[in-house]
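3D, please:
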Amino acid sequence: MGPIDYRDSRPIYEQIKDSIRRLIFSGAMSEGDQLPSVRNLAAQLSINPNTIQRAYRELEAEGCVTSVPGKGSFVRKTDSIEAARRRELFSKLDDATSALYHIGVSLEEILAHLRAQKEGENHDSSI
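Got it, this is the predicted structure:
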């Protein structure tokens, strides 16, 4: 899991959720894999265990992980979870696009930005 970005406007628990989701959807974590314990991850990231617990609880509510009392939290990857995540992200993209339109950003500018971002990802992954 990557480091916490304290300059990020998202709450820390959201950053943790996103990191875990990325690991799951990228295949770095597979169904049945155990997540780090709340205490271990809190110590590793130097943050409050309640923050980790909240992230795990929300991931469980989303169906990404399952919790086994006394054993820990485990990855539970299904196609419906991936589809739900895509819907959530496209909804956020819709909101951002709408806000950009309202301040006068053209569709061409938005598409150019998305293309540049994608090219940057392709460049970064080849390093």
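
what about S73, is that helix, strand or coil?
Using DSSP: H, G, I helix; E, B strand; the rest coil, the structure places S73 in strand.

Quick check: closest non-adjacent residue to it.
Excluding its sequence neighbours, the residue lying closest to S73 (C-beta to C-beta, 6 or more residues apart in numbering) is L35, at 4.4 Å. C-beta coordinates here come from the backbone N, C-alpha and C atoms, glycine included.

Now do that neighbour: how many residues are near it, please.
L35: 23 surrounding residues under other C-beta atoms under 10 Å.

cool, and R57?
15.

give me the element it is part of.
R57 is part of helix 49-62, with elements assigned from DSSP states H and E.

Go ahead and confirm the residue nearest to S73 touches K17.
No. Shown here, L35 and K17 do not form a contact pair, counting by C-beta atoms under 8 Å, at 11.3 Å.

which residues touch Q44?
By C-beta atoms under 8 Å, 6 or more residues apart in numbering, the contact list for Q44 reads M1, P36.

and the gap between it and A112?
39 Å (C-beta to C-beta, to the nearest Å).

Heading C-terminal from the longest helix seen in the chain, find the next helix or strand.
Using DSSP state H to define each element, the chain has its longest helix at helix 79-102. For helix 79-102, the succeeding helix or strand toward the C-terminus, using DSSP H and E, is helix 107-125.

by contact count, what packs against that next one?
Judged by 3 or more C-beta pairs under 8 Å, 6 or more residues apart in numbering; DSSP states H and E, the packing partners of helix 107-125 are helix 79-102.

Give me the outermost residue of this structure relative to its centroid.
Computed with C-alpha atoms, centre = their mean, the maximum C-alpha offset from the centroid of the chain is found at G104, amounting to 29.4 Å.
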